[in-house]
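# sequence and predicted structure below; questions after.
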Amino acid sequence: MTHAPPSPDPAAPPFVTHPDGRISMPEGRDLPEGPFVNADLHPVPMSRRTWGTGSFTALWISMSVNLPAWTLASGLIAVGMDWRQAVLTIALGNLIVLVPMVLTGHAGAKYGVPFPVFARASFGLRGANLPALIRGAVACGWYGIQTWIGGQGVHILAGRVFGDGWSGAAEVGGQPWTMWLSFGLFWVAQLGIILWGMEGVRRVQVWAAPLMLVGGVALLGWMVVQAGGFGPLLAVNSELGWGPEFWALFFPSLMAMIGFWATLSLNISDFTRFASSQRAQVLGQTFGLPTTMAAFALLAVMVTAGTQAVYGAPLWDPVDIVAEMSNGLALLFAIFVVLLATVSTNIAANLVGPAYDLSNLKPKLISFRTGAVITCVVSVLIFPWRLISDPNVYIFTWLGTVGGVLGTVGGILVADYWLLRRTRMDLTALYTRDSAYWYTGGWNWRALAAFTAGAVLAVGGSHSAPGEGPFPEIGLIPALAPLADYGWVVGFVSALVLHWGLGVAAPDRRSRAGTP
């Protein structure tokens, strides 16, 4: 004879504060039905908060060892830096972005909520859709880029198996039709993995991380042999020196490095909501992000410098480097690592976030899995093969502009959660209409004002060299052109200060009253 589990005590408090400061719903209790609730957005119960320091370290190792990170590092070599300058730029950028990463991750670990729900406290229950959709749109672009790179790996692998009939197939839209097929197959494979759920994402990260590190070191070893030792890899000097030409390139490149993880600095709570403690997410991210990115950047720029010494020109796309291999077994292993790196990073960094973001848009209609499918479709419609075709467009236009806009959202989240609320939020109010976070019709005008001003300051001065980008040479707003090279910092700091100032000068009484 079986017995039904006991029903939760209706007199129990709406949420439980644990000795370590974390807050959760009582086990077995669900949030009341409403338009802002579904199972995927629900606070994670304590029994499922199992990710330790090792899980977060593995998450960042597997996300940092990826092909766009490689092309980002090697792209700096392609535009004139030497290996020392490239590694310095990337290491410093990742140390800077670690700060908002840990600060926003705190909310996920404390309350067990994903990014779009966390954003409701600062933007309002409806207003949170604004940063969520911006973040989701950016992730769609990244997802498409990574999927295209993965498709290239599949195409090369299949070409070695099927021969010239595959590699030299008739072109459609500027690419062999077999390349489009490879892209489609890789697209479908990733979708199958994300439909497994968040536990599947964690398992992929844990297994992928060490294999990708081994593959990267093996690729470096192959290039050392091709170049005749480490000397040629380290002897490639900067075309810029350390004078004004380098510093003119350094600051926009630094903003691009920060922009590379600007999306994750917003939605890291999608992962830290599963943390076993605050210590686990802080240490795991600290050990995993800046150290791995710096080491991987060193590996990438050394290999790219080696290609310059061996082939006479830098090959900044790792797929092109792999294609130069003549040993069949080495090629198969290299392509396997390429595909593994792409899958593990793409799903964790670029599919989990927008799946939650789209679910937040219409919780009753869009589940986490439905959001993932929508993201996969949109990622094709942004033509990712064009985004990654030019390092100037990829690093400065795409990453620089996007990073500036996302920096404003990060500044608002940090100001609201740490400066105005001192990390205290009403968990149930995050899901309830007419609650402390309803503001005016579900929108917080303070956050909107800070976002608008920060975005204009961050990207309003965006400019391009003649014939090298989409912006006017003098800038969209010429007076703001001097700020364009510092977009993320300008957006983050200005939005943080303005949101904090408006919150102090014109506080929302209901929101303040609803904060425990």
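Now that the structure is in, tell me what you want to look at.
# going forward, measure contacts and count neighbours with C-alpha atoms only.
Noted.
# name the residues that touch the strand or helix carrying Phe183?
Element membership for Phe183 (DSSP states H and E) is helix 177-194. Applying C-alpha atoms under 8 Å, 6 or more residues apart in numbering, the contact partners of helix 177-194 are 147-148, 150-152, 154-155, 166-167, 169-171, 200-201, 343, 347, 351-352, 369, 372-373, 376.
# please apply the same query to stretch 292-304.
60-61, 64-65, 69-71, 73-74, 77, 83, 86-87, 90-91, 94, 216-217, 219-220, 223, 233-234, 314-316.
# looking at it now, give me its mean pLDDT.
What stretch 292-304 shows for mean pLDDT is 80.
# before we move on, what about stretch 423-439?
When pLDDT is averaged along stretch 423-439, the result is 92.
# what comes up buried for that stretch?
423, 425-427, 429-433, 435-439 (16 or more other C-alpha atoms under 10 Å).
# quick check, nearest of those residues to Leu31?
Leu31 has its nearest neighbour among the buried residues of stretch 423-439 in Tyr431, at 8.1 Å by C-alpha to C-alpha.
# I'd assumed Val37 was in contact with that closest one.
Yes. Between Tyr431 and Val37 a contact is recorded at 6.2 Å, counting by C-alpha atoms under 8 Å.
# show me where pLDDT drops low in the stretch 201-350 of the chain?
201-209, 234-239, 316-319, 322-323, 325-332, 334-335, 338 (pLDDT under 70).
# now the helices for it?
Here the stretch 201-350 of the chain has its helices, by DSSP state H, counting those that start in this stretch, at 231-235, 244-260, 262-267, 269-272, 278-311, 318-323, 328-350.
# most packed of these?
helix 269-272 (a mean of 29; mean count of other C-alpha atoms under 10 Å).
# got a list of contacts for that helix?
With contacts defined as C-alpha under 8 Å, 6+ apart, helix 269-272 is touched by 51, 104-109, 112-115, 281, 352-353, 356.
# let's see it as CSV, backbone CA atoms only.
Only the C-alpha atoms of helix 269-272 are listed here, as CSV (Å, rounded to 0.1, in the frame of the first residue of the first chain):
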residue,chain,number,x,y,z
SER,A,269,22.1,33.5,-12.5
ASP,A,270,20.6,31.0,-14.9
PHE,A,271,23.4,28.7,-13.7
THR,A,272,24.1,30.0,-10.2
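# is Gly404 in contact with Val459, as I believe?
Yes. Gly404 lies in contact with Val459 (C-alpha under 8 Å); the separation is 6.0 Å.
# next one: phi and psi at the residue nearest to Ala86 when sequence neighbours are not counted?
Excluding its sequence neighbours, the residue lying closest to Ala86 (C-alpha to C-alpha, 6 or more residues apart in numbering) is Leu76, at 5.9 Å. Taking degrees, to the nearest 10, you get phi -70, psi -30 for the backbone angles of Leu76.
# what is the burial count for Leu76?
Using other C-alpha atoms under 10 Å, Leu76 has 26 other residues around it.
# cool, Gln226 as well?
Other residues close to Gln226 by other C-alpha under 10 Å number 14.
# who touches it in this structure?
By C-alpha under 8 Å, 6+ apart, the neighbours of Gln226 are Val310.
# and with 10 Å instead?
By C-alpha atoms under 10 Å, 6 or more residues apart in numbering, the residues touching Gln226 are Leu220, Gly306, Thr307, Ala309, Val310, Tyr311.
# returning to what we had before: the residue nearest to Ala86 and Tyr437, how far apart?
Distance, Leu76 to Tyr437, by C-alpha to C-alpha, to the nearest Å: 44 Å.
# check Val378 too.
For Val378, the distance to Tyr437 - C-alpha to C-alpha - is 31 Å.
# with Ala449 instead?
Distance from Ala449 to Tyr437, counting by C-alpha to C-alpha: 17 Å.
# my guess is Asp485 contacts Gly460, does it?
No. Using C-alpha atoms under 10 Å, Asp485 makes no contact with Gly460, being 11.1 Å away.
# overlap in contacts, the two.
Between them, Asp485 and Gly460 share the contacting residues Thr401, Gly404, judged by C-alpha under 10 Å, 6+ apart.
# so between those two, which is more surrounded?
More neighbours surround Asp485 than the other of Asp485 and Gly460, with 27 against 22 (other C-alpha under 10 Å).
# okay, now the nearest residue to Thr147 once chain neighbours are set aside: neighbour count?
Nearest residue to Thr147, sequence neighbours excluded (C-alpha to C-alpha, 6+ apart): Trp187, at 6.2 Å. By the criterion of other C-alpha under 10 Å, Trp187 has 23 neighbours.
# state the pLDDT value of Trp187.
89.
# what's the separation between it and Trp70?
Separation of Trp187 from Trp70 (C-alpha to C-alpha): 21 Å.
# got the CA positions of stretch 114-123 in PDB?
C-alpha atoms of stretch 114-123 as PDB (Å, rounded to 0.1, in the frame of the first residue of the first chain):
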ATOM      1  CA  PRO A 114      16.900  32.800 -13.500                       C
ATOM      2  CA  PHE A 115      18.000  36.000 -15.000                       C
ATOM      3  CA  PRO A 116      14.700  37.300 -16.400                       C
ATOM      4  CA  VAL A 117      13.000  36.800 -13.000                       C
ATOM      5  CA  PHE A 118      15.900  38.500 -11.200                       C
ATOM      6  CA  ALA A 119      15.600  41.400 -13.700                       C
ATOM      7  CA  ARG A 120      11.900  41.900 -12.600                       C
ATOM      8  CA  ALA A 121      13.100  43.500  -9.300                       C
ATOM      9  CA  SER A 122      14.800  46.400 -11.200                       C
ATOM     10  CA  PHE A 123      12.900  46.700 -14.500                       C
END
